[in-house]
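[1] Got a predicted structure here, sequence first:
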Amino acid sequence: MRFLILSDIHANWEALEAVSADAATRGFDLVLCLGDVVGYGPNPNEVAEWVTNHADVVVRGNHDRACTYVGNHDSFHPIAQHSSTWTREQLLPCHSDWLAQLPRGPLQVDNFDLVHGAPDDEDRYLFDSEEAAASIRYAAEQVTFFGHTHVQGGFVARRLHGTTEVSRFHKVPAQLALEWDSLYLLNPGSVGQPRDGDPRAAYCIYEAHKSVAHFYRVDYDIRTAQEKIFEAGLPEELAYRLATGR
Ligand SMILES: [Fe+2]
């Protein structure tokens, strides 16, 4: 079984289109989404409709909650607050209702788990190996896919001399063959707002039967996505960061 794993699409239609087309050439059986379908981007309805129609399993993200009143956005940066207020006004009731009922992770699929932030907290960011080490003890499966940080890659935990060492993939492997005696937290990266210095849209295909994860990056029409952000009156920083991937 080949799983297409998407995260943090953030209402970026151009990025989602490019990822969908690229993934179609590689082949997959099911589509899994790690949350933050909306927020920041200018196409929340189009993206929510695509995910509704194509994704087999979806966990909720913090922006999905904030954009549908399930969660408040008081802790958000002012730019994120602006975009979630705008998204609330734009979302059609059918999409808002669908987003509001999305389940919290972890959700088990096959022999791995899906979360938005971390195994122990859907809102926790896993940026470094210390944070990952504190969280991986709560992982119920050998492999947990997470999003939230918008950084492609993740962490591996290996048993060495009686202790567990957690390390981050500093260079994301194009193809990662999992070792049977290690634990993994894997991030497909963000489709719609990468923050790892590479502005290309990110995604992952996981071959569960072979225990192999493939990480991909795809060029997309950033200029059009930026113009839509300007036209919508969303904060301009949201457009500029698409070009830098920061
Ligand atoms: Fe996000």
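    Arrived safely.

[2] How is Val19 classified with respect to secondary structure?
    Under DSSP: H, G, I helix; E, B strand; the rest coil, Val19 falls in the helix class.

[3] Does it touch Ile5 like I think?
    No: here Val19 does not reach Ile5: they are 10.7 Å apart, not a contact under C-beta atoms under 8 Å. Placement of C-beta: from N, CA and C, glycine included.

[4] Quickly note the distance from the residue nearest to Trp50 when sequence neighbours are not counted to the ion.
    Closest residue to Trp50 apart from its sequence neighbours, by C-beta to C-beta, 6 or more residues apart in numbering: Leu16 at 6.2 Å. For Leu16, the distance to the ion (C-beta to the ion, to the nearest Å) stands at 14 Å.

[5] tell me which element Leu16 falls in.
    Secondary structure assignment for Leu16, by DSSP states H and E: helix 13-26.

[6] The closest residue to the ion within the chain: neighbour count?
    When scored by C-beta to the ion, the chain has Asp36 as its residue closest to the ion, at 3.5 Å. When neighbours are counted by other C-beta atoms under 10 Å, Asp36 registers 30.

[7] rewinding a little: between Val19 and Ile5, tell me which one has more neighbours.
    A count of neighbours by other C-beta under 10 Å puts Ile5 above the other of Val19 and Ile5, at 28 against 25.

[8] in the sheet, who's paired with that one?
    Leu32, Cys204 (DSSP bridges).

[9] need the contact list for Thr224.
    For Thr224, the contacting residues are Glu14, by C-beta atoms under 8 Å, 6 or more residues apart in numbering.

[10] Are we agreed that it is in a helix?
    Yes: counting by three-state DSSP, Thr224 falls inside a helix.

[11] Can you check the pLDDT for it?
    Predicted confidence (pLDDT) for Thr224: 98.

[12] could you measure it against Ser211, distance?
    For Thr224, the distance to Ser211 equals 38 Å [C-beta to C-beta, to the nearest Å].

[13] Glu141 now?
    Glu141 is 12 Å from Ser211, by C-beta to C-beta.

[14] The nearest residue to Ser96 once chain neighbours are set aside: how many residues sit nearby?
    Leaving aside its chain neighbours, Ser96 sits nearest to Thr68 (5.0 Å; criterion: C-beta to C-beta, 6+ apart). Counted with other C-beta under 10 Å, residues neighbouring Thr68 total 22.

[15] if I read this right, Thr68 contacts Pro93, doesn't it?
    No: using C-beta under 8 Å, Thr68 is not in contact with Pro93, being 10.3 Å away.

[16] Name the surrounding residues that touch stretch 25-35.
    By C-beta under 8 Å, 6+ apart, the residues outside stretch 25-35 that reach it are 1-9, 51, 54-64, 102, 105, 109, 114-116, 122, 145-148, 188, 205, 214, 216.

[17] Can you narrow those down to the ones near the ion?
    On the criterion C-beta under 5 Å from the ion, Asp8 are the entries of the contacts of stretch 25-35 that sit beside the ion.
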